[in-house]
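> can't give you the sequence, but here's the structure:
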């Protein structure tokens, strides 16, 4: 019986190289100075123009539809751009001096002339916009009276300031939570997740929490009755409720104190 021929295999690396070879050659190599065409808008903020911005290509990504370019803006560009770009980038944790994913049709080679940027025009929609009660970040801004282009205050190592912020959040919740309400409490005990039903009856005043020498790293506390008719006191971030408005109020509170574990636990249900 004739011996079967082994099918020739091609490594993933060679397949990728073969695929890339069929893609269009990039026009601008790494190190090229390019300028953004007029009419191109920032993909983070679709009404802010990038026309006229100049940058050095730092990375080229070859694709079937054409190359995509990452650039680092020149110092002249950054000096001339409107402050709204820097403010928004800082607010969103983005690098103001870098930009990713520009296509060839959005660029042309920079001729070396004066850098003239397209004026973003009226930016009052960012600076003067009303806070949106449907947005979690804006709801937290509303609590602390924070303008739209600033971060709401967070808890840190300043004990006196933490006390002031917790008091403000306590007063905010006290006005909006309707007691008693049915909820679920989740705890992590010896590496296990333990959940039980609870009827939440009240928030505990932060001053009373301090006077009882409770762990103040747990922030706000509440008290209620569990399914065994036992009075329990627990950190508020461990409470979840599907009823409106309690769910949103409790979810926002967990977001504010950065309690990711309990947020994930409730979301996974």
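Sure, I can see it. Given the structure is predicted, the values throughout are model-derived calculations rather than measurements.

> mind listing the helices for this structure?
12-22, 75-80, 83-92, 124-127, 136-144, 159-176, 206-211, 246-257, 260-267 (DSSP state H).

> tally of neighbours for residue 94?
Using other Cβ atoms under 10 Å, residue 94 is surrounded by 14 other residues. In this view, the C-beta of every residue, glycine as well, is placed from N, C-alpha and C.

> confidence score at it?
Looking at residue 94, its pLDDT reads 91.

> chain neighbours aside, what residue packs nearest to it?
Leaving out its chain neighbours, the residue that sits closest to residue 94 by Cβ to Cβ, 6 or more residues apart in numbering is residue 44, at 7.0 Å.

> got TSV for the helices of the chain, with distance to residue 199 and mean neighbour count too?
As requested, these are exported to TSV (distance: least, Cβ to Cβ, whole Å; neighbours: other Cβ atoms under 10 Å):
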stretch	distance to residue 199	mean neighbour count
helix 12-22	58	10
helix 75-80	57	14
helix 83-92	40	15
helix 124-127	44	12
helix 136-144	26	17
helix 159-176	17	14
helix 206-211	20	14
helix 246-257	12	18
helix 260-267	18	15
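
> which one of the ones you listed lies closest to residue 185?
Taking Cβ to Cβ, helix 260-267 is the member of the helices of the chain nearest to residue 185, at 10.1 Å.

> who's in contact with the residue nearest to residue 94?
Residues in contact with residue 44 (Cβ atoms under 8 Å, 6 or more residues apart in numbering) are 88, 92, 94.

> do residue 196 as well
Residue 196 is in contact with 184, 185, 226, 227, counting by Cβ under 8 Å, 6+ apart.

> name the nearest of the contacts of residue 44 relative to residue 108.
residue 94 (24.5 Å).

> any idea how far the closest one lies from residue 45?
Applying Cβ to Cβ, to the nearest Å, the value for residue 94 to residue 45 is 11 Å.

> hey, what's in contact with both of these two?
Counting by Cβ under 8 Å, 6+ apart, the shared contacts of residue 94 and residue 45 are residue 88.

> start to end distance for stretch 149-166?
Using Cα to Cα, to the nearest Å, the end-to-end distance of stretch 149-166 comes to 22 Å.

> chain center to it: distance?
Its chain's C-alpha centre and that of stretch 149-166 lie 19 Å apart, by Cα atoms, centre = their mean, to the nearest Å.

> residues touching that stretch, excluding its own?
Counting by Cβ under 8 Å, 6+ apart, 87-88, 91, 126-127, 137, 140-141, 143-144, 146, 206, 219-220, 256-258 sit against stretch 149-166.

> do the same with stretch 81-96
Against stretch 81-96 from outside (Cβ under 8 Å, 6+ apart): 42, 44-45, 48, 53, 73, 78, 117, 119-120, 123, 126-127, 149-151.

> most neighbours among those, which one is it?
That'd be residue 53 among those, by other Cβ under 10 Å, with 27 neighbours.

> does it really touch residue 79, like I thought?
No: contact criterion Cβ atoms under 8 Å: residue 53 and residue 79 do not qualify, at 11.9 Å.

> what touches both of these two?
In contact with both residue 53 and residue 79: no residue, using Cβ under 8 Å, 6+ apart.
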